[in-house]
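> Could you work out the structure for the sequence below:
(chains A, B and C)
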Amino acid sequence: MPCILAENLVKTYRRSQRQPGVWGALRGLVHRQHQVLRALDHISFRIEPGELVGYIGPNGAGKSTTVKLLSGILVPDSGRCEVLGRVPWQDRIAHVARIGVVFGQRTQLWWDLPVIESFDLLRDIYKVPGPDYARRRDELVGVLELEPLLDVPVRQLSLGQRMRCDLAAALVHGPDLLFLDEPTIGLDALSKLAVRDFVRRLNQERGATVILTTHDMDDIEALCTRVLLIDGGRILLDDTVEGLRRQVSPERRLVLDLVEEEGDFGDPQVRLLRREGRRVELAFDPNQVPAPALISRLTARCAVRDLFVENPPIEETIAQLYRKNQG
Amino acid sequence: MKAYAAILSAQFRTLLQYRGAALAGLFTQVFFGLVIVMVYEGFYRSTTTTPPLSLAQVVTYTWLGQAMLGLIPWNVDPEIRNLIRSGGVAYELLRPLDLYRLWFTRCLARRSAPTLLRALPMLALAYAFLGMQLPPSWTCLLLWLAANMGALFLSAAFTALLSTSLLWTISGEGINYLVICMIILGSGLQIPLPFYPDWLLPVLNLLPFRGLFDVPSRLYLGHIPPSQALPVLAHQFLWTLALIGFGRWVLARGLRRLEVQGG
Amino acid sequence: MNDLRLLARYLDISVRSQLEYRASFLMLSAGYLLITVIEFLSVWVLFDRFGNLQGWSLPEIAFFYGIINIAFALGESAARGFDLFSPVIKSGDFDRLLLRPRSTALQVAGQELTLRRVGRLLQGACVLGWSASALGLQWSPGQWLLLGWTLLGGTCLFYGLMVLQGTVCFWTTESLEFMNAFTNGGVFAAQYPFSIYRDWFRRFFTFGVPLACVSYYPALALQGRPDPLGTPALLHWLAPLVGLLFLALCLQVWHWGVRHYRSSGS
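Now for the predicted structure:
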């Protein structure tokens, strides 16, 4: 049974428009003009239990609207949806008791209270039985290294510390499905790695289904097996990360560190991207020429001290996809 | 002068944006006014003695009170308070301007815009539907306008003084409440001054608060006849000067205290 | 943990955090007490000048005054969370409340129980006490019960008004002062007996926002005097029930507001 099943979800917003100028303001008193925004235009997808899915798209694409629908906050205009076997917005209380949501930009902890008191309060709100709570709390505190933070009021925590606490807070009631909205935003490198590591273990060791909304492509590459790309209210892509790349362009990169600055790099099957002193960056299509063949050809021609093959940065891939959609 | 105009126009624009809030405010004031008027009607129906004001006069007085609420120095100037709290007042000292005059101008502008915007619709409504009367003569009307100008300056002087007192204590709430109580009692907003017990009147007549509202309103009604206008206007004027003088002194002392403390 | 106990826990946290700032709290309470004292002083001044208000004496007025102020202080303190609801909606924090498996009204109510209004509560109680002794009222157990019943109805009424004020935020955050007319304005009006007001006004505050039902009518029963307008005494005893019904109605409106929020988006 799928964890999440979405079928033709439609959600539009009506925004009243303020008209400019004094005359417009007076007219606005009598006759309000409305703008209709189609946030979701027949969205459909299916997520199995245990998947770790990345949900990406430009700003205003409909990502947060989707998450709000799936978590039961909003009611769609039309369409079907089932999460963990029930319709999210119909039985809100029963539904939200089984999911966890983390917003990267806003904490759910109580600002003036020590962290541990926030956890205790959440235990009461979610009606978690005492022994279960104690076990989970101790586990989370151990894995996320929250021990020194427990008595600190939330307002005194750094961003990285707060995010770790928010992750623990979202899991106090043991949900099987987790929505993470920009969890690594603004974090330093060390904290990002800690968060990613935690999420990966959560998914792999505990089998939690995770939906990750993010702009950070490193998160996607590090964690997700599957990516959903949304733009203009439509799902443009639903594939693995590799599949994503292949969709745009199969190109790969070859970086060479030469022994001496060479002159010419003309080769019909490569494209010169950048050249800085002894470092040469080339692009090639592995369908035209496989990497080993290209490498042996080039190293035969010039003295190469070091080389490596990599994929193009995923931002470029995504940016190309956005452009393709608009064009 | 330019500072005054600038702040004034900014105030107007901000206030015009919040139509909903303005209408809601008007509604609240009409409601309160109606209740007060009905209570007075009840009192007048059953009284055996002759009150110092007629019912019609009291009704007009009440609506004037609702209209001119913006003039009253309810609170310290929020900009000045933020300036002092944040320590930005140090930057103000660096400017080649008379600081008191700058603050006074700010307070003046801050009282002017809301007063005009609230008073005009309220007065129109009250005159058309709610039993407010016109003044008995043109002279009374002119005296009322003149007294309102005086009240505006008096109110600004109060506000400036209260704001400067923040240099001494950051949490201004305690002083705030005390001053509000005195203003409510002494200005006639709660009850027209002539209604107070006779033994209290000399004190109230001496205090500056009546210049804020009671004096202009009774000039409007003709209850203070034009022949007696000069003394009350002088009362307003002298108290304004006194408060300005005191305010300047408090400001100077407060700033020196800041310098000594190191901000 | 069941709903009621959770609410109590919430409010306990709120109270404790307010008491942390003891100095400021004391000053605010004292200041607020002062303002309410001044308010009553004005009533006294008017009675000093006029003698009586359509047959009602000052102690009798003080009785209405005390009851409505106690109810207002209690209702407004308890419902402070709804009073402060506007920033919760504006910041988008309401979504977080929807993500918790509890009633949204409960969560909003639990945000704060404010203690500042204790000044008004004390003053109301003092005025009521003075008035009762000035009128020579006997406090039988039945009277105490009726008083408690009246205050319960009044507290529920004001609580309901605050819930309505919070509910308005689902549609607009601008016109909140509108509700102020009914809360503060209502208290002001109910300090005087409703028999002195015009008919349409009294009817509105009996059947619309039923202030009269939680102050005027039961107070008549407590004072043991008949209504100058001739309503039957039994109604006076039953009237506070309307306050509870009003609260129930307001909570239903709140749920409509939440439904609107969830279908229109934020």
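
> so the nearest residue to residue B:121 once chain neighbours are set aside is in which element?
Nearest residue to residue B:121, sequence neighbours excluded (CB to CB, 6 or more residues apart in numbering or on different chains): residue B:26, at 6.0 Å. Bear in mind the C-beta positions are built from the backbone N, C-alpha and C, glycine included. Assigned by DSSP states H and E, residue B:26 falls within helix B:19-46.

> which of the residues in that helix are buried?
B:21-44 (16 or more other CB atoms under 10 Å in any protein chain shown).

> what does the stretch 101-250 of chain C put close to chain B?
Proximity of the stretch 101-250 of chain C to chain B (CB under 8 Å from any CB of the partner chain) is limited to residues C:172, C:174-178, C:180-181, C:184-185, C:188-189, C:192, C:196-198, C:201.

> Could you work out the end-to-end span of stretch A:98-115 for me?
Stretch A:98-115 has its terminal residues 22 Å apart, counting by CA to CA, to the nearest Å.

> For that stretch, buried residues please.
Under the neighbour-count criterion of 16+ other CB under 10 Å, stretch A:98-115 has A:98-104, A:107-110, A:113-115 buried.

> can you check stretch C:73-90 too?
The neighbour-count check on stretch C:73-90 (16+ other CB under 10 Å) flags C:73-83, C:85-86, C:88-89 as buried.

> coming back round to it: separation between the residue nearest to residue B:121 and residue B:71?
Distance of residue B:26 to residue B:71, computed by CB to CB, to the nearest Å: 16 Å.

> How about residue B:114?
9 Å.

> okay, the two: which has more neighbours?
When residue B:114 and residue B:71 are compared for neighbours, residue B:71 comes out ahead with 24 against 18, by other CB atoms under 10 Å in any protein chain shown.

> Please, which helix or strand holds residue A:228?
Counting by DSSP H and E, residue A:228 is found in strand A:226-231.

> Double-check the residue nearest to residue B:121 against residue B:122; I have them as touching.
Yes: counting by CB atoms under 8 Å, residue B:122 is a contact partner of residue B:26 at 6.5 Å.

> low-scoring pLDDT stretches of the chain, where are they?
Reading this off chain A. For chain A, applying pLDDT under 70 flags the ranges A:16-33, A:263-265, A:325-327.

> hm, I was asking about chain C
C:1, C:20-24, C:174-175, C:265-266.

> near chain A, which residues of it?
Applying CB under 8 Å from any CB, we find that chain C lies next to chain A at C:1, C:6, C:9, C:13, C:17, C:91-93, C:95-96, C:98-103, C:262-265.

> mind checking how far the closest residue to chain B within the stretch 151-300 of chain A is from residue A:113?
When scored by CB to the nearest CB, the stretch 151-300 of chain A has residue A:155 as its residue closest to chain B, at 19.3 Å. The gap separating residue A:155 from residue A:113 is 9 Å, by CB to CB.

> cool, residue B:110 as well?
Distance from residue B:110 to residue A:113, by CB to CB: 39 Å.

> and if you look at residue B:191?
Taking CB to CB as the measure, residue B:191 falls 47 Å from residue A:113.

> Then residue C:219?
Distance from residue C:219 to residue A:113, counting by CB to CB: 43 Å.

> Equivalent analysis for residue A:8, please.
Distance, residue A:8 to residue A:113, using CB to CB: 43 Å.

> What are the boundaries of the helices in the stretch 1-150 of chain C?
Applying DSSP state H, counting those that start in this stretch to the stretch 1-150 of chain C gives helices spanning C:3-20, C:22-50, C:58-78, C:80-83, C:85-91, C:94-98, C:104-109, C:118-135, C:141-168.

> can you list these in a markdown table and add distance to residue A:207?
As requested, these are exported to a markdown table (distance: least, CB to CB, whole Å):
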| stretch | distance to residue A:207 |
| --- | --- |
| helix C:3-20 | 31 |
| helix C:22-50 | 50 |
| helix C:58-78 | 45 |
| helix C:80-83 | 39 |
| helix C:85-91 | 35 |
| helix C:94-98 | 26 |
| helix C:104-109 | 31 |
| helix C:118-135 | 53 |
| helix C:141-168 | 41 |
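
> So which of the ones you listed is nearest residue B:146?
Between residue B:146 and these, the tightest spacing by CB to CB is seen for helix C:22-50, at 28.6 Å.

> residues of that closest one that come out buried?
Residues C:25, C:27-29, C:31-40, C:42-43, C:45-47, C:49-50 are the ones in helix C:22-50 that count as buried (16+ other CB under 10 Å).

> do stretch A:168-186 as well
By 16+ other CB under 10 Å, the buried positions in stretch A:168-186 come out as A:168-173, A:175, A:177-185.

> just curious, which of those residues is nearest to residue C:207?
Distances from residue C:207 to those, taken by CB to CB, are shortest for residue A:173, at 45.8 Å.

> Quick check: phi and psi on the closest one?
The phi and psi values for residue A:173, taken as degrees, to the nearest 10, are phi -100, psi 10.

> What is the neighbour count of the closest residue to it other than its chain neighbours?
Closest residue to residue A:173 apart from its sequence neighbours, by CB to CB, 6+ apart: residue A:126 at 3.8 Å. Neighbour count for residue A:126, taken as other CB under 10 Å: 20.

> My read is that residue A:126 contacts residue C:101, right?
Yes: contact criterion CB under 8 Å: residue A:126 and residue C:101 qualify, at 6.2 Å.

> which neighbours do these two share?
The contact sets of residue A:126 and residue C:101 overlap at residue A:97 (CB atoms under 8 Å, 6 or more residues apart in numbering or on different chains).

> Report all helices and strands that the helix or strand containing residue B:144 contacts.
Element membership for residue B:144, per DSSP H and E: helix B:138-165. Here helix B:138-165 touches helix B:78-86, helix B:99-129, helix B:173-187, helix B:214-221, helix B:229-261, going by 3 or more CB pairs under 8 Å, 6 or more residues apart in numbering or on different chains; DSSP states H and E.

> repeat that with 7 Å
Counting contacts by 3 or more CB pairs under 7 Å, 6 or more residues apart in numbering or on different chains; DSSP states H and E, helix B:138-165 is packed against helix B:99-129, helix B:173-187, helix B:214-221, helix B:229-261.

> which ones are touching the residue of the stretch 151-300 of chain A closest to chain B?
Applying CB atoms under 7 Å, 6 or more residues apart in numbering or on different chains to residue A:155 gives the contacts A:111-112.

> Then residue A:157?
With contact set as CB under 7 Å, 6+ apart, residue A:157 has these partners: A:149, A:165.

> Distance of it relative to residue A:163?
Residue A:157 sits 9 Å away from residue A:163, going by CB to CB.

> SS state for the closest residue to residue A:233 other than its chain neighbours?
Closest residue to residue A:233 in three dimensions, ignoring its sequence neighbours and counting by CB to CB, 6+ apart: residue A:41, at 3.9 Å. Of the three states, residue A:41 takes strand under DSSP: H, G, I helix; E, B strand; the rest coil.

> hang on, residue A:41 packs against residue A:10?
Yes: counting by CB atoms under 7 Å, residue A:41 does reach residue A:10; the two are 6.5 Å apart.

> pLDDT value on the residue minimising distance to the centre of chain B, please?
Most central in chain B under CA atoms, centre = their mean is residue B:72, positioned 2.3 Å from the mean C-alpha point. Per-residue pLDDT puts residue B:72 at 81.

> Next up, phi/psi of it, please.
Here residue B:72 shows phi and psi, under degrees, to the nearest 10, equal to phi -80, psi 140.

> Next: residue A:83.
Per-residue torsions, residue A:83: phi -120, psi 120 (degrees, to the nearest 10).
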